[in-house]
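K.L.:
Sequence and computational prediction follow.
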Amino acid sequence: MGKDGAKAKGKEASGKGKQAGGGGGADKGGAADKGKGKKESKSDGLGTCTYVKARHILAEKQGKIQEAYKKLQEGWLDSGDKVPPAEFAKLAAEYSECPSGKKGGDLGWFPRGKMAGPFQEVAFNTPVGTLSAPFKSTHGYHIILVEGRKN
């Protein structure tokens with residue numbers, strides 16, 4: 001599996017290079033990427049996985065995404081709890097302006113390199129089971145709930 005994993009990582013090196021090291025020499029393939037990921041966060045798998053499973057809420061206006069985030073804070077985050085995916089899905093159906101909102105914001109599994117800029121960066125650096133802070137992309141304002149990661 002090691003050689004196959006290195007080949008797959010080599011194909012997606014451009015996305016990973018931006019993520020792991022800010023450009024530079026990480027675009028040469030799997031070996032360079034592995035070294036960068038190890039020094040950053042070996043124990044939690046952040047920045048080193050190949051796929052992420054996530055849900056999101058997308059809104060055109062910052063006020064709307066802040067309102068959704070406030071509901072999540074008041075319901076779970078303020079008390080130190082994690083947001084249950086089913087509850088996040090209800091808010092996504094109510095607030096999200098993305099077609100995925102009808103599916104509770106479910107984006108399924110996606111590989112590194114599929115999502116654009118800030119969205120990919122946040123998704124691949126948010127720990128499993130946690131919620132991102134609201135952030136802006138070219139599509140609008142987002143909140144991401146990461147449900148899983150794998151290589």
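P.N.:
Nice, I can see it. None of the values given here were measured: they were computed from a predicted structure.

K.L.:
Mark out where each domain of the chain begins and ends.
P.N.:
With domains defined by automatic domain parsing, the chain comprises 2-41, 51-150.

K.L.:
Can you flag the weakest of those domains by average pLDDT?
P.N.:
Sorting these by mean pLDDT places domain 2-41 lowest, at a mean of 36.

K.L.:
Do a quick rundown of the strands in the chain.
P.N.:
Under the criterion DSSP state E, the chain contains strands at 51-59, 106-111, 135-137, 140-150.

K.L.:
which of those sits most buried?
P.N.:
Burial of those is given as mean neighbour count (mean count of other C-beta atoms under 10 Å); strand 51-59 ranks first at a mean of 23. Any C-beta I mention is one placed from the backbone N, CA and C, and that applies to glycine too.

K.L.:
of all the strands of the chain, which lies closest to residue 83?
P.N.:
Residue 83 sits nearest to strand 140-150 of all the strands of the chain, at 6.1 Å, using C-beta to C-beta.

K.L.:
Which elements pack onto that closest one?
P.N.:
Other elements packing on strand 140-150 under the criterion 3 or more C-beta pairs under 8 Å, 6 or more residues apart in numbering; DSSP states H and E are strand 51-59, helix 62-75, helix 85-95, helix 117-125, strand 135-137.

K.L.:
and the nearest residue to residue 96 once chain neighbours are set aside, what is it in contact with?
P.N.:
Distance criterion C-beta to C-beta, 6 or more residues apart in numbering; nearest residue to residue 96, sequence neighbours excluded, is residue 57 at 4.5 Å. For residue 57, the contacting residues are 65, 68, 88, 91, 92, 95, 96, 98, 101, 105, 142, 143, by C-beta atoms under 8 Å, 6 or more residues apart in numbering.

K.L.:
Switch the strands of the chain over to CSV; also include distance to residue 75.
P.N.:
Listed next are the strands of the chain as CSV, based on distance: least, C-beta to C-beta, whole Å:
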stretch, distance to residue 75
strand 51-59, 14
strand 106-111, 19
strand 135-137, 20
strand 140-150, 13
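
K.L.:
out of the ones you listed, which comes closest to residue 78?
P.N.:
strand 140-150 (15.5 Å).

K.L.:
any idea of the angle the closest one forms with strand 51-59?
P.N.:
Interaxial angle, strand 140-150 versus strand 51-59 (axes from the mean of the first three to the mean of the last three C-alpha atoms, to 10 degrees): 160 degrees.
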